[in-house]
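1. Test case, fold it:
(one chain, ligands or ions: 1)
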Amino acid sequence: MTNINFCNVRLPLYNEEKFYRLSIRDGEWTLIEQQEAHAAGLQGSTKLEAWTPEMHGGVDGVPTIDLEGRMMLPGLVDAHMHLDKSFSLTTVENQSGTLEEAVRNYSQAAPTFSKEEIKARIIRSALQALSFGTTHIRTHLDFNLKHSRDVAIRTVEAALEAKEALAPYISLQLFPMCPLNFRSLDTEAIHEALRMGVDGIGGAPHLSETPQADIDWIFNLAEKYDVPIDLHCDETDNPAMKTALYVAQRTIQTGYQGRVAVDHLCALASMTDAEASSVIESMAEAKLKAVSLPAVNLYLQGRHDSFPVRRGVTRLKQIWEAGIPIAVASDNIHDPFHPFGRGDLLQIALIGSYAAHMGRPADLRTLLRMITEAPAKVLGLPQYGIQEGVPASFVILDGTTVEELFTLLPDRRWVYNQGRFVRTPGSKAEWRHEALTHYWQASAEQVSFTKKAAVKG
Ligand SMILES: [Zn+2]
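-> Purely as a prediction, here's the structure:
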């Protein structure tokens, strides 16, 4: 465990005009204190640039690092990724750029992926997210029962192994997705996945032929195994699609308030104000949590429109103002659903700012909460934030104002989690820990941007 003191820290989620003094002992925050003023050249302090994790010294052998006004956020939380699919675009294409083709082509390719390949993709993309400051991820998992029980369970096994390997560095929550029209398949494998120790249950009922019956089934299953629910919800431009309303209703009926998340909610962007307001009101009443995936929605939605073309991103501001914790998250990275992305939540917050017209100073500060505190609520993290008595997990960003963060998306980031720095930039080894270097190299062998034989739908 690395014990550290910091001075001259800016905490944009508190009061960014002030400087703070912070202390970590045994991996836990023990002091968060506002300074009178900027303390230049504090005796015994080391500037961040000059500091390396091997350095000791300072009072009682604990170094004091001078951040010189740089910004610190709690470890970023990515509430919605598909780590198992990331970097699969080299083998699974999407010529039309539609959600339908992405689903179809990926489903066809699923049996061709080995467990090792899936595991490598999860590790690679999780470590990449970690390098940008993400310390907690909820990832949805492909669960392709249409092919066979083995194809579906293989992804769960790969994900459980990756989760364990990554545990000293980054925390994963695993949510297998009940496949389309799954009730016509042998559902025993879904029970099996839950018994194997996944963290919750997901799905995309709006794509099913029987959305309400699917939602009922998922709620029964969640109750049986006492796990939370996280659904892809109304990821469509069709304003008549309102499974969010039914999810809200079932949540109240089952007493599942606070344990259900609805993600995407693109249909809300196509509805009239009156229709959307009534859905949002029901969501708030049921204490649903929400996740928006602005990059992927901008990419996949509106594909069936001629101009004017809808852009699919949900009503971020309105949902936030209704008191619903709404996160912005990455979704897919370099796969048939989304050819770009790098697992950087600051980049996603910037895309959210464009997509939802959130560029005022107050909006940018809200967006920072949408990649920290709000997704921490979605994941149900019991102890989160830069607060005394809470495990220390944070990212230092090389910028001194929030505006600078959004304008420059600084690449230089220092990430601390689970008792030590897990990434420091510019050092001889970018990944300071042997195990991380090992996983990074092993996964890099599996990840390529060169096109392989594509599986077509
Ligand atoms: Zn998704």
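2. Roughly how far does Thr407 sit from Leu346?
-> From Thr407 over to Leu346 the distance is 11 Å, taken as C-beta to C-beta, to the nearest Å. Quick note: C-beta positions are derived from backbone N, CA and C, even for glycine.
3. More neighbours: these two, which one.
-> Neighbours per residue (other C-beta atoms under 10 Å) separate Thr407 from Leu346, with Leu346 holding more: 23 against 11.
4. With adjacent residues omitted, what lies nearest to the more buried one?
-> Setting aside the residues directly before and after it, Leu346 is nearest to Leu409 in space (C-beta to C-beta, 6 or more residues apart in numbering), at 5.4 Å.
5. Which stretches in the chain count as helices?
-> For the chain, the helices identified by DSSP state H occupy 99-109, 115-131, 149-166, 188-196, 211-225, 243-254, 273-285, 294-300, 316-321, 345-355, 361-369, 373-379, 402-408, 434-446, in order along the chain.
6. how about these, which one is nearest Tyr416?
-> Taking C-beta to C-beta, helix 115-131 is the member of the helices of the chain nearest to Tyr416, at 11.0 Å.
7. now that closest one, how far from the centre of its chain.
-> The chain centroid and the centroid of helix 115-131 are separated by 14 Å under C-alpha atoms, centre = their mean, to the nearest Å.
8. between the helices of the chain, which has the poorest average model confidence?
-> Lowest mean pLDDT within those: helix 434-446, a mean of 66.
9. Would you mind pulling the contact partners of stretch 349-368?
-> When contacts are defined by C-beta atoms under 8 Å, 6 or more residues apart in numbering, stretch 349-368 is touched by residues 12-13, 73, 292, 294-295, 297-298, 311, 313, 315-317, 320, 328, 370-371, 402-403, 405-406, 409.
10. one more time with 7 Å, if that's ok
-> Defining contact as C-beta atoms under 7 Å, 6 or more residues apart in numbering, one finds that stretch 349-368 is touched by 12-13, 73, 292, 294-295, 298, 311, 313, 316-317, 320, 328, 370-371, 402-403, 406, 409.
11. If you count neighbours, what's buried in that stretch?
-> For stretch 349-368, a neighbour-count test (16 or more other C-beta atoms under 10 Å) marks 349-353, 355-356, 358, 363-364, 366-368 as buried.
12. same thing with stretch 269-278?
-> Buried residues in stretch 269-278, counting neighbours by 16+ other C-beta under 10 Å, are found at 269-271, 276.
13. same thing with stretch 393-412?
-> The neighbour-count check on stretch 393-412 (16+ other C-beta under 10 Å) flags 393-399, 402, 405-406, 409-410 as buried.
14. for stretch 319-339, same thing?
-> Burial within stretch 319-339, assessed by neighbour count using 16+ other C-beta under 10 Å, is assigned to 319-320, 322, 324-338.
15. repeat for stretch 208-226
-> Within stretch 208-226, judged by 16+ other C-beta under 10 Å, the buried ones are 208, 211, 214-219, 221-222.
16. and if you look at stretch 306-316?
-> For stretch 306-316, the neighbour count (16+ other C-beta under 10 Å) marks 310-316 as buried.
17. Start and end of it, how far apart?
-> Taking C-alpha to C-alpha, to the nearest Å as the measure, stretch 306-316 stretches 24 Å from start to finish.
18. Excluding its own residues, what touches it? List them.
-> Outside stretch 306-316, the residues that touch it by C-beta under 7 Å, 6+ apart are 237, 264-266, 268-270, 276, 292, 294, 297-298, 301-302, 326, 352, 355-356, 358.
19. Could I get the phi/psi values of the nearest residue to Gly419 once chain neighbours are set aside?
-> If the residues on either side of it in the chain are set aside, Gly419 comes closest to Gly27, at 3.6 Å by C-beta to C-beta, 6+ apart. Torsion angles at Gly27 (phi, psi; degrees, to the nearest 10) stand at phi 80, psi 10.
20. dump the residue contacts of Gly27.
-> For Gly27, the set of contacting residues under the criterion of C-beta under 7 Å, 6+ apart consists of 1, 391-392, 418-419.
21. rewinding a little: next, give me the two most distant ones among the buried residues of stretch 349-368.
-> In terms of C-beta to C-beta, those reach their longest pairwise distance at Ala355 and Leu368, which sit 16.3 Å apart.
22. Which residue is the nearest non-sequential neighbour of Thr424?
-> Trp414 (5.3 Å).
23. Now do that neighbour against Glu16, distance only.
-> For Trp414, the distance to Glu16 (C-beta to C-beta) stands at 18 Å.
24. Those two: who's more crowded?
-> Each of Trp414 and Glu16 has its neighbours counted (other C-beta under 10 Å); Trp414 has more, 23 against 16.
25. Just give the closest residue to Met196, not the sequence neighbours.
-> If the residues on either side of it in the chain are set aside, Met196 comes closest to Val156, at 5.9 Å by C-beta to C-beta, 6+ apart.
26. The one you found against His140, yeah?
-> No. Proximity of Val156 to His140 does not meet the contact threshold set by C-beta atoms under 7 Å, at 11.8 Å.
27. what's around His147, how many residues?
-> When counting by other C-beta under 10 Å, one arrives at 14 neighbours for His147.
28. pLDDT score for the residue at minimal distance from the centre of the chain?
-> The central residue of the chain, meaning the one whose C-alpha is nearest the mean C-alpha position (C-alpha atoms, centre = their mean), is Asp78 at 1.5 Å. Here, the pLDDT recorded for Asp78 equals 98.
29. What of the one 5 residues further on?
-> Turning to Leu83, the model gives it a pLDDT of 97.
30. so what's the backbone phi/psi at it?
-> Backbone torsions for Leu83, taken as degrees, to the nearest 10, come to phi -60, psi -30.
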